[in-house]
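[1] Here is my input; please provide its structure:
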Amino acid sequence: MNRPKTRDVAAGPGDSLSRMRVALSPRFDAAVIVLDDPDLTANLYPICSIDGCARFLSTRQLCQTHLGRWKKLGQPTLDEFRTMSGPKTNPEKIDLTGLPEKLRVELALSLQLLASSPRSRRRFRLQDLRDLIKVLRQLGTGSLLTDLPLESTEIQKGSKEMRRAHAALHAALEHFLEPPDASSEFERDAWRLEVMGFRGRTGQQGILRFGTIPQPWLKLLAKRFIRWRISTGTSYSQLNRDMTALHRLADAFTEHAGAKGTVQDFTRESIEVYLNLLLRLRLSPASRSYSLSSTALFLRAIRENNWQPDLPPSAAIRSSDHPRRTAALPRALPEFIMAQIEDPKALAQLEQPHRLMMQILTRTGLRLSDTYRLEIDCLLSDHQNAPYMRYFNHKMSREATLPIDDELAAAITEQAKAVQAVLSDARYLAPAPTSTTGDRPWNPGTAAGHIQTWQRTIGLHDEQDRPFRFTAHQLRHTYATRLINADVPQEVVRRLLDHESHEMTARYARLKDETVRRHWEQARKITIHGEIVNPAQDDAINDAAWMKENLGRVTMALPNGYCGLPLQQACPHANACLTCPVFVTTPDFLTEHLDHLRSTKRLIAQAESAGQTRVVEMNGQVAANLQNIIDTIQSTGERNNIDEN
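    The predicted structure is shown next:
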């Protein structure tokens, strides 16, 4: 196992063990550490809300001991239970007996350091810490730093929660012995994002791992790329997406050229093996495109920054390498389903804060994770006292604001007051039930589970009375589609959804057939005989028909209408459109037709006085056709006004 030499702080002949012993307080300098001080233990793990109890928080803001007492007393309110909670509970303990002295001191000091510092990180469960100690015993580990670094395979086999506990202890101890810096961190195979300068609302305590990339030159390039991405403000989710793409690229190159493959071996064939690997992983076209986009940026950064001049020119991702992505089916929910979701009686069966979160999801189109991370002071107002909601768009890593209605603003205000009545310093509108101070929001995954349960509770069903289930993200699609079909301009919809591009908005918002037909009929075509040209009843009004209509307007426009001939056909009626059987027009040209009728009538009157019968005959037909067109436009316009009123 390769370990970074620069960080082997406890392995040398220095006095690191002596320094740790001097710093260790009597409370933690024991084979069995008793965690009986709530002020200290609250920085390690979430604790019971009963005054004086330092035991691990289980559920309903209570530890297991107090939870059992609460149930025996008939489940009174929490305020009532606090007055009858019974005798003091036994404190939690951490058993370090039997561990090597150096490891015991390291673990004890790590816990002391974490317990003594302000809580600026996620706390861990006691069971995760106990699982870690069990692994250390099984491995016969002598030192947390030198024998079990962050990138060790033994730790990677454990649960995510246990790895997080290990990382927290490891970081606290290293920081005490030798404060970390980005230069030394760069040499490691496991980066702590905070040390590398990453500052994000999520993921700041995250770790990126490069140990599975076997080729040293490729690992170095991957590190330089990720360091550059961190420096440019890339989000935590995108960093993880980039890392996944790099690991897949390394796997493909190893398959092609072996673990000792050189940069000269990294050719177009390596890229082809990579493309095939993505296919064999059974990734969706979208996931493959994400990996290819990250890889393309990686290879472009290598060339633009001259990180590896020997990289063959053929090693590149081409636009044709991206898989063809079929148009996704509309994901907006039918209005029949939305009527059940928005029914006040149904919403009343959803407990807070999920009831308010559901209202926000349906009325604003926010993502589920952004909704549950709304802060308690998220409301704003303009100079006219109109309400707005401020939120953090985690996908774009930026704050955004959107307008909301007065009813939703009142519901948010009510929820904020309810939260502050229990947790006066709460940060979030929907604090996690295990958060005793309101400094952590509900986990979006857990919240989604509550929403799924609620759907079953209200008996959500489709028009065939079959059970129906939806995801929270479909509400975002529904919100966008509703706006588009209410004739809200797409640019406005884009800004409300806080999208970067119109292309992304177009994936969310789809015009319904009824909306397309309404716009189509507003542009209905009228022949020279005053007859309305309608598509056949069985013709689907789809994107192709819509494009055909607009294409015809661009390529065959006349001063007072459109030519109904196919694009390829020549016209045999030069300058005689108003007597031509394929001429069509629309209400858009009513003014031109009225002017044309007046001038035609004047011409007829002049021709009659001059005895020009042929001119009278020709223009009489034109005038008759114009009158037919005008009468049809005006009569249908009156009908539309009646219908709208």
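
[2] Can you tell me the SS state at Ile94?
    Using DSSP: H, G, I helix; E, B strand; the rest coil, the structure places Ile94 in strand.

[3] burial measure for it, as a count.
    By the measure other CB atoms under 10 Å, the count of residues near Ile94 is 19. Just so you know, the C-beta spots here come from the backbone N, C-alpha and C atoms, and that holds for glycine as well.

[4] who's in contact with the residue lying closest to it once chain neighbours are set aside?
    Spatially, and ignoring its direct neighbours in sequence, Ile94 is nearest to Ile33 (4.3 Å; CB to CB, 6 or more residues apart in numbering). By CB atoms under 8 Å, 6 or more residues apart in numbering, the contact list for Ile33 reads Arg27, Lys93, Ile94, Leu96, Ala108, Leu111.

[5] wait, which of these is closest to Asp147?
    Checking the contacts of Ile33 against Asp147 with CB to CB, the nearest one is Leu96 at 15.8 Å.

[6] okay but that closest one is in contact with Val105, surely?
    No. Counting by CB atoms under 8 Å, Leu96 stays clear of Val105, with 9.3 Å between them.

[7] Who has more neighbours out of those two?
    Taking neighbours as other CB under 10 Å, Leu96 and Val105 compare with Val105 leading, 24 against 20.

[8] quick one: pLDDT of the closest residue to Asp343 other than its chain neighbours?
    Of all residues not flanking Asp343 in the chain, Ile458 sits nearest, at 7.9 Å (CB to CB, 6+ apart). Ile458 carries a pLDDT value of 93.

[9] which residues touch Ile458?
    Ile458 makes contact with Gln340, Asp343, Ala346, Gln349, according to CB under 8 Å, 6+ apart.

[10] so who does Arg456 touch?
    Arg456 makes contact with Pro467, according to CB under 8 Å, 6+ apart.

[11] what ranges do the helices span in the stretch 201-350 of the chain?
    216-231, 236-257, 268-280, 285-304, 335-341, 344-347 (DSSP state H, counting those that start in this stretch).

[12] got the ones you listed as JSON lines, with mean neighbour count, mean pLDDT and distance to Gln205 columns?
    Below are these laid out as JSON lines (neighbours: other CB atoms under 10 Å; pLDDT from 0 to 100; distance: least, CB to CB, whole Å):
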{"stretch": "helix 216-231", "mean neighbour count": "18", "mean pLDDT": "96", "distance to Gln205": "14"}
{"stretch": "helix 236-257", "mean neighbour count": "19", "mean pLDDT": "95", "distance to Gln205": "10"}
{"stretch": "helix 268-280", "mean neighbour count": "17", "mean pLDDT": "96", "distance to Gln205": "30"}
{"stretch": "helix 285-304", "mean neighbour count": "17", "mean pLDDT": "95", "distance to Gln205": "23"}
{"stretch": "helix 335-341", "mean neighbour count": "15", "mean pLDDT": "92", "distance to Gln205": "36"}
{"stretch": "helix 344-347", "mean neighbour count": "12", "mean pLDDT": "94", "distance to Gln205": "36"}
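
[13] so which of these comes closest to Leu423?
    helix 344-347 (23.9 Å).

[14] Which strands or helices does that closest one pack on?
    Secondary-structure packing of helix 344-347 (3 or more CB pairs under 8 Å, 6 or more residues apart in numbering; DSSP states H and E): helix 354-364.

[15] which element follows the helix it packs on toward the C-terminus?
    With elements assigned by DSSP states H and E, the helix or strand that comes after helix 354-364 is helix 368-372.
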